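Participant: I need the structure of the sequence given here:
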Amino acid sequence: MAANREVPPMVVQSGMSQADSSNLEPIVVYAMVSINYAPVLGANVLATITSPSGKKFNITLLDTGSDPDVRKNDGVYTRYFTEFVEAGRYAVQVQVTGLGNQTISSTSGPGSAATYNPGLATSDGTVVTNPKGPTAAGNETNGVSTSDLDPFTRVVSPGGFSYSGPLVDPTVDVLPPGKVIDLAVEQVDNQDLSRGVRLTFSAPGSDYDSGTARAYQIRYSYASSSSLTNNFEGGILVTSAMATQGDVLSPKPAGSDETMVVELIAVPVDRNALSVWFALRAYDDSGNVSPTSNVAMMNAFVAPYVEPTPEPTTQVVTSSETTTPQPITTTTTTTSVTSTTPSVKTSDIDNQLKLFKILTAVFVLLTIILASALVATCVVSCSLKKHGKKVKTEMEKRMEKQMALEMAAARNNHNGIRRPEMNLEIGHSNISYTE
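Facilitator: Got it, this is the predicted structure:
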C-alpha cells in the first residue's frame, strides 16, 4: 500500500498471447504495471507456470524492448514460455514486487509512438539536434519521489493455456534465437562518415529470449529497406574487421544492451547525402537462425566528392657547365630552374610512342606506293610517244614515194611513154607496164 494517501494505487494486469498451442509455438506471458495510468518501471515481475502434472517453471518478465517486448520502459513486462514438457492445461500466476526506492514511476505518460526526429541539417551543413529530444537538457524522464512508494507486492492470475503439440526434447535444439525488434542506427560523427555508424539493439537469446546467441549477421544496403527484407543475403555483410566497437561473433546474454560501431564500405561517391538501411539475424550453436530484425534507416551526410589531383613532381634543370643542381646565387654563373609539372604515367607515354611509330610506318608505305605509281605512269607515257613517232615516220616515207611515182607517171604520159601501174603495199612496191 502507498505511504502517501495522495499516491494512487498500483494496478497490475496480466495475460497471454494465446490460450492454446499445438506446434511448439512459444506462449508470450505479459504483465502491465501502472499507477495512475503511468507505467511503473524497475519492478520485479515473476511468472510461475505450472504444468498439468504440477511441475513449476519460473520466468522473469522484462521491460527491455527486446523480443517479445515491444517497447522499452513502457511498463509492460513480457517473456516467452517454451517448456512444453507434457500435453494438457498449464496454469499461470504473476507476482509483481516493488522495492521502494528502487522502483520508479514515470509521470510523463505513455507518450507518442511517432518516429523520433533526432535533428536536422541547416543550409550551411551544420547539424542541429532536436531541442525537444530525450538527450536535450531538461528533457529527462520525470518520476515520482521514491519516498512516496513503499515496497509492494501484487499477485494476479490470468488463468492458463492448453498445449496439445509435440513435447520438447531437451537433447535436440529446435528453438531459434529471438527476433531483434529495436535495432537503431546513427552516424557517429555527423560531419565525418568515415568514423562509422553506431548500432544499438537488445541482445536476443539462443532460444528466443533465453540464453546467449552464437553470432550476429549484420547486413546493410544503400538501395532500400525492401532490399533487406526481400533479399537479406544480398546486403553488404558486416565483418569483424569492420567493427571498431563490439563483436559480431560474441553476442551478450539475452536482454543485454548491444552497441556496435561499424565502418562502412562501398560508399557511393556520386552523392552528398545518402540513406543506409541495416538489418540483422542471430544464430545459435545448432545453426538455428532468427527472423530478420526490424530495418533501421539512417540518413548519412558525406563530404562533397572532389576529383583527386595528381601529385606534382619536382624536376631540376641545370646548365651544361655543372653536373649537379645548384641554388640560384649572385656569385656563381650556375643557375637552377625548378619547374613543377603534373606526373605522367610511363604506360601512357609508351602507348603514345607506339601509336606514333604505327602512324609513321603507314605514312612511309603510302609514300612508296604513290611514288611507284608516278614512275609507272611516266614509263607508259614515254613508250606511247616513241611508238607514235615511229609510225608517223614510216607513213611519211610511203607517201613521199607514192607522190614521186605519180609525178613520174604523169611526165611519162605527157611524153608518150608507157605509164607504169603501181601496186603500193606497205614495205614494198610492184611496177608493171601497160600499152
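Participant: packing partners of the host helix or strand of residue 360?
Facilitator: Assigned by DSSP states H and E, residue 360 falls within helix 346-415. In terms of contacts (3 or more C-beta pairs under 8 Å, 6 or more residues apart in numbering; DSSP states H and E), helix 346-415 is packed against strand 420-425, strand 428-433. Bear in mind the C-beta positions are built from the backbone N, C-alpha and C, glycine included.
Participant: mind checking the pLDDT average for it?
Facilitator: For helix 346-415, mean pLDDT rounds to 78.
Participant: ok, now which ones touch residue 163?
Facilitator: Counting by C-beta atoms under 8 Å, 6 or more residues apart in numbering, residue 163 makes contact with 20-22, 84, 86-88, 90.
Participant: hey, C-alpha coordinates of stretch 227-242 in PDB?
Facilitator: C-alpha atoms of stretch 227-242 as PDB (Å, rounded to 0.1, in the frame of the first residue of the first chain):
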ATOM      1  CA  SER A 227      16.200  -5.000 -50.500                       C
ATOM      2  CA  LEU A 228      17.000  -6.400 -47.000                       C
ATOM      3  CA  THR A 229      13.500  -7.700 -46.100                       C
ATOM      4  CA  ASN A 230      13.200  -9.500 -49.500                       C
ATOM      5  CA  ASN A 231      16.800 -10.400 -50.000                       C
ATOM      6  CA  PHE A 232      18.700 -10.200 -46.800                       C
ATOM      7  CA  GLU A 233      21.700 -12.200 -48.200                       C
ATOM      8  CA  GLY A 234      22.100  -9.600 -50.900                       C
ATOM      9  CA  GLY A 235      23.100  -6.900 -48.500                       C
ATOM     10  CA  ILE A 236      26.700  -5.900 -47.600                       C
ATOM     11  CA  LEU A 237      28.000  -8.100 -44.800                       C
ATOM     12  CA  VAL A 238      29.500  -6.500 -41.700                       C
ATOM     13  CA  THR A 239      32.600  -8.500 -40.800                       C
ATOM     14  CA  SER A 240      34.600  -8.500 -37.500                       C
ATOM     15  CA  ALA A 241      37.200  -6.400 -39.200                       C
ATOM     16  CA  MET A 242      34.700  -3.600 -39.900                       C
END
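Participant: name the residues of it that are buried.
Facilitator: Buried residues in stretch 227-242, counting neighbours by 16 or more other C-beta atoms under 10 Å, are found at 227-228, 232, 235-236, 238, 242.
Participant: please report phi then psi for residue 64.
Facilitator: For residue 64, the backbone dihedrals (degrees, to the nearest 10) come out as phi -100, psi -10.
Participant: how many other residues sit next to the nearest residue to it once chain neighbours are set aside?
Facilitator: Nearest residue to residue 64, sequence neighbours excluded (C-beta to C-beta, 6 or more residues apart in numbering): residue 255, at 5.0 Å. Neighbour count of residue 255, defined by other C-beta atoms under 10 Å: 20.
Participant: which SS class is residue 255?
Facilitator: At residue 255 the chain is in coil, as set by DSSP: H, G, I helix; E, B strand; the rest coil.
Participant: check contacts around it.
Facilitator: 62, 64, 66, 202-203, 205, 209.
Participant: for it, grab phi and psi.
Facilitator: Here is the backbone geometry of residue 255 (degrees, to the nearest 10): phi 90, psi -10.
Participant: now it: how far from residue 72?
Facilitator: 11 Å (C-beta to C-beta, to the nearest Å).
Participant: what does residue 62 give?
Facilitator: Computed as C-beta to C-beta, the residue 62 to residue 72 distance reads 9 Å.
Participant: neighbour count: those two, which is higher?
Facilitator: Between residue 62 and residue 72, residue 62 has the larger neighbour count (other C-beta under 10 Å), namely 19 against 15.
Participant: bridging residues for the more buried one?
Facilitator: With DSSP bridges as the criterion, residue 62 is bridged to residue 78.
Participant: before we move on, back to that, export the contacts of residue 255 to CSV and tack on distance to residue 364, secondary structure and pLDDT?
Facilitator: Below are the contacts of residue 255 laid out as CSV (distance: C-beta to C-beta, whole Å; DSSP: H, G, I helix; E, B strand; the rest coil; pLDDT from 0 to 100):
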residue, distance to residue 364, secondary structure, pLDDT
62, 89, strand, 91
64, 85, coil, 84
66, 81, coil, 84
202, 80, strand, 92
203, 78, coil, 93
205, 82, coil, 93
209, 84, coil, 92
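Participant: tell me the domain ranges of the chain?
Facilitator: Structural domains annotated on the chain: 1-107+142-168, 175-305, 390-435, as defined by automatic domain parsing.
Participant: lowest average confidence across those, which one?
Facilitator: Least confident of the domains of the chain, judged by mean pLDDT, is domain 390-435 with a mean of 63.
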